[in-house]
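*Asks:* Here is a sequence with its predicted model. Questions after.
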Amino acid sequence: MTSVPAVEAALRALFPAGVAVAAQRIGGHDPASLWPDEHLAVAGAVPRRLAEFAAGRTAARRVLAALEHPPAALPMGPDRAALWPAGLCGSIAHDADLAVAVGRHGAPLGVDLEPDTPLEAELWPLFCSPDELARLDGDTARLVRQVFCAKEAVFKAQPLDARAMFGFDAVEVTLAEGSFNAQFRASVGAFRAGQVLTGRLALVDGVILAGVAW
């Protein structure tokens, strides 16, 4: 079972000083802990989705506390991202077992986590261009999963006032040891064609963690 303290330690290493992090195990989180505005976001959801959502909001409120911000609702925006209190930027992600959250005062940031397991070959073209696949050196099935995780973190690292929907083909990711570069192939939202974001990757206790901070 993935260790919560190990994941939190890895998250801290992904981000610069001033970023608060938290991880919560999904099982056992009571949806009754959600605030009224948050309940609206998951009205009619299946129990599994409710548990994921509740764990993510619990992690986010731990981040708020670490940032010395009072507890607050984090409702869902039009693109399903959490709406953080004014002056704060944050990001939430989950896999089957854990929910994680990161946040800070200041510029946008994004986080994602995925299981460190092979991805079926028929899915590779959905997440990677031929050039990206050609650059992968090693266990391609696992490295594609890392590229996917990196792109998800980049997508989440958008400012609230300029968020845009874009596909995996909008960003070209190059993996390096413990890090990655993500170059935009087109202008979308707050990003411009040719812009490069640098992120960090960690493999810990069977999961991949990716983090991006402007």
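*Replies:* Great, that's in hand.
*Asks:* Can you show me the helices along this protein?
*Replies:* 4-14, 36-41, 47-66, 124-127, 130-135, 140-156 (DSSP state H).
*Asks:* Can you spell out which helices and strands pack onto the fourth one?
*Replies:* Contact analysis of helix 124-127 by 3 or more Cβ pairs under 8 Å, 6 or more residues apart in numbering; DSSP states H and E lists helix 140-156 as its packing neighbours. Every C-beta, even on glycine, is put in place using the N, C-alpha and C of the backbone.
*Asks:* got it, and the third one?
*Replies:* In this structure, helix 47-66 makes packing contacts with strand 20-25, helix 36-41, strand 88-94, strand 98-105, judged by 3+ Cβ pairs under 8 Å, 6+ apart.
*Asks:* what do you get if the cut-off is 7 Å, keeping everything else the same?
*Replies:* With contacts defined as 3 or more Cβ pairs under 7 Å, 6 or more residues apart in numbering; DSSP states H and E, the packing partners of helix 47-66 are strand 20-25, strand 88-94, strand 98-105.
*Asks:* got it, and the first one?
*Replies:* Contact analysis of helix 4-14 by 3+ Cβ pairs under 7 Å, 6+ apart lists strand 20-25, strand 98-105, strand 196-204, strand 207-213 as its packing neighbours.
*Asks:* Could you report the distance from the residue of the chain positioned farthest from its centre to T140?
*Replies:* Residue farthest from the centre of the chain, counting by Cα atoms, centre = their mean, is A134 at 25.3 Å. Using Cβ to Cβ, to the nearest Å, we find A134 at a distance of 10 Å from T140.
*Asks:* Low-confidence stretches in the protein?
*Replies:* Filtered on pLDDT under 70, the chain yields the residue ranges 28-30.
*Asks:* Any idea how many residues pack against P130?
*Replies:* Counted with other Cβ atoms under 10 Å, residues neighbouring P130 total 9.
*Asks:* for P5, same thing?
*Replies:* By other Cβ under 10 Å, the residues close to P5 number 9.
*Asks:* ok, it - contacts?
*Replies:* By Cβ atoms under 7 Å, 6 or more residues apart in numbering, the contact set of P5 is empty.
*Asks:* now do R25
*Replies:* R25 sits next to V4, A55, D97, L98 when contact means Cβ under 7 Å, 6+ apart.
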